[in-house]
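In: sequence? don't have it. structure:
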């Protein structure tokens, strides 16, 4: 099969690309604009594989996108390209509207035009898989409720509102035009190659540098944590076996308060890389003003994908977090190159 993946240089996208190249015989075309969060170094292990190709394209560039789709002739399109940081969306929502809404529309039209040219088995087997977030559902009251595939949308931030919009567009193109589409909504991902502005890598790197570990509010916001390589397996399963027109929630079955996550990271760092002053890393925790509209609790009911597609996460939060901390400790040079921007300057031909 031929997979066209948008956003394949991002955190989740690169994990999907690595999974397909390393565990299947399928071909991959990776389309990525290479914004600040797109890092080709996350794909170094497979970049020379003959089944992998990369094109630097903005999904809002209709002409370039159409040309790439028509030339590659994919069997499956997996759409992961998105602006995805809540804090950034609060400070500057325009980029989220442009990429997540206009970009998704542009991609849908390019794919629809291509799909209409197909016939026979290739047309019947074609799929458009849109990857989204559980944040479109808003937040949950109490400790028992779970997001299901039929939970009403109630996004809280510009980011989640833009992703909700893109979900609606995909479903509209499925119903109105018959485009064979599937949507997945996932919980918080973590793991190797995560951009350092996100909670888990930020805490790891700040701690190693002896900096404050900022925790919003009282730190009791609850998230369901999903190891990114488990997510990549799930996405491939949905793209290849999921039912057209359906939505699948993907979760890690690991609900944790943010403060629990931070303290667990600190404990692992105490074990692997003790501070010279022998003080625990948890002493660096600092509580800061909560962000506007901060959702209290997310929790995924992932029984549908388990029952229909036989997928379950392989990692517990404890095993996944341990692997994640070890990866960052072993790849500090990757982190430094992201933090100082050198990974971007080199690809643009700027001398360091």
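Out: Arrived safely. Everything quoted here is computed from the prediction, not taken from an experiment. Residues are numbered from 1 along each chain as shown.

In: pretty sure residue 299 contacts residue 255?
Out: Yes: Residue 299 is in contact with residue 255 according to Cβ atoms under 8 Å; the separation is 5.5 Å. To be clear about C-beta, it is placed using only N, CA and C from the backbone, and glycine gets the same treatment.

In: residue ranges with poor pLDDT in this structure?
Out: Residue ranges of the chain with pLDDT under 70: 142-143, 342-352.

In: if you set the cut-off to 50 instead, what comes out?
Out: For the chain, applying pLDDT under 50 flags the ranges 345-352.

In: returning to that earlier point: overlap in contacts, residue 299 and residue 255.
Out: Contact with both residue 299 and residue 255 is made by residues 222, 224, according to Cβ atoms under 8 Å, 6 or more residues apart in numbering.

In: what strand or helix carries residue 195?
Out: Under the criterion DSSP states H and E, no helix or strand holds residue 195.

In: same question but for residue 236, I mixed them up
Out: Secondary structure from DSSP H and E places residue 236 in helix 228-241.

In: which strands or helices does that helix pack on?
Out: Under the contact criterion of 3 or more Cβ pairs under 8 Å, 6 or more residues apart in numbering; DSSP states H and E, helix 228-241 touches helix 11-23, strand 76-79, strand 127-133, strand 181-186, strand 188-190, strand 247-250, helix 303-309.

In: pull out the buried positions in it.
Out: In terms of neighbour count (16 or more other Cβ atoms under 10 Å), helix 228-241 has its buried residues at 228-240.

In: what do you get for stretch 319-330?
Out: Neighbour-count burial for stretch 319-330 [16+ other Cβ under 10 Å]: 320-322, 324-325, 327-328.

In: ok, stretch 57-70 next?
Out: Quick answer for stretch 57-70 (16+ other Cβ under 10 Å): 57-60, 64-66, 68-69.

In: helices or strands up against the helix or strand that contains residue 172?
Out: Element membership of residue 172 [criterion: DSSP H and E] is helix 158-177. Applying 3+ Cβ pairs under 8 Å, 6+ apart, one finds that helix 158-177 contacts helix 86-91, helix 94-96, helix 104-116, strand 127-133, strand 181-186.

In: can you list contacts of that helix?
Out: 79, 82-86, 88-90, 93, 96-97, 99-101, 104-105, 108, 112, 128, 130, 132-133, 135-136, 138, 153, 155, 179-181, 183, 185, 244-245.

In: equivalent analysis for stretch 239-251, please.
Out: The contact list for stretch 239-251 (Cβ under 8 Å, 6+ apart) reads 1, 3, 76, 78, 127, 129, 134, 147-149, 174, 180-187, 224, 226, 231, 234-235, 238, 299-302, 304-305, 308-309, 311, 313.

In: the stretch 251-352 of the chain: strands as residue ranges?
Out: Counting by DSSP state E, counting those that start in this stretch, the stretch 251-352 of the chain has strands at residues 255-257, 285-288.

In: I'd like the ones you listed laid out as CSV, including mean neighbour count and distance to residue 332.
Out: Listed next are the strands of the stretch 251-352 of the chain as CSV, based on neighbours: other Cβ atoms under 10 Å; distance: least, Cβ to Cβ, whole Å:
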stretch, mean neighbour count, distance to residue 332
strand 255-257, 18, 25
strand 285-288, 14, 22
